[in-house]
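Chemist: how would this look folded up:
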Amino acid sequence: MLQWNVAPALTTAEVDDLMLFARRPDASGYIASDVWAASTVYPLYATRTPTVSNGYAYYVTTPGTSGATQPTWPTVSGSTVTDGTVVWSLAGTYAWTPTWNLRAAAAEGWRWKAAKVAAQYDVAAGGGTSFTRSQQYKHCIEMARTFGSGVGAIQMVSGYTGRSGS
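Modeler: Coordinates of the predicted model:
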């Protein structure tokens, strides 16, 4: 689908961003919640899940900045936990089955690759010799079109953990 580490290469952070872009609701209608992050400002009612899922989601009842380490998340209804200056309340069960549209991620990845080579140009030397770097851009755009034609397809993926382990 997308050879992310072949020139023009994408970084691992860009691949993680593509996977975030490709998240879709599962068969039950759940969508991936953002996971908790250290030293992050959280507004009132922001919802997060632990970096390692425990089957629950939490929402901010007192806004502030999260601590340097993840709190011990409660699993009893009505429970709260203080995390830095943030207070989290148990929102309820949350069981997103990892679901991504990989065709959408591949199409977007090819567009990102095209952007990396867009400034390349063709060179014509004397004697009828030419060098066509722009072919790489054209190839990336064609691959984006190819994968973009099937973005309605949802694919289940297991084992992807990304940078944060979620």
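
Chemist: Tell me the confidence at the residue of the chain most remote from its centre?
Modeler: In the chain, counting by Cα atoms, centre = their mean, Gly127 sits farthest out from the average C-alpha position, at 48.8 Å. We have a pLDDT of 78 for Gly127.

Chemist: Can you classify it as helix, strand or coil?
Modeler: When the structure is reduced to helix, strand and coil (DSSP: H, G, I helix; E, B strand; the rest coil), Gly127 reads as helix.

Chemist: swap in Tyr59?
Modeler: Once three-state DSSP is applied, Tyr59 turns out strand.

Chemist: any idea how far Ser39 is from it?
Modeler: From Tyr59 across to Ser39, the span is 19 Å (Cβ to Cβ, to the nearest Å). Using the backbone N, CA and C atoms, a C-beta is placed for each residue, glycine as well.

Chemist: Have a look at the two and say which one is more surrounded.
Modeler: Tyr59 (16 against 10; other Cβ atoms under 10 Å).

Chemist: now that one, which residues is it bridged with?
Modeler: Beta bridges link Tyr59 to Thr47, Ser89, judged by DSSP bridges.

Chemist: check contacts around it.
Modeler: Tyr59 sits next to 45-48, 88-89, 91 when contact means Cβ atoms under 8 Å, 6 or more residues apart in numbering.

Chemist: Show me what counts as buried in stretch 18-30.
Modeler: Of the residues in stretch 18-30, those buried by neighbour count under the rule 16 or more other Cβ atoms under 10 Å are 18-19, 22-24, 26.

Chemist: Closest one of these to Lys138?
Modeler: Proximity to Lys138 was ranked across those by Cβ to Cβ; first place goes to Leu18, at 21.4 Å.
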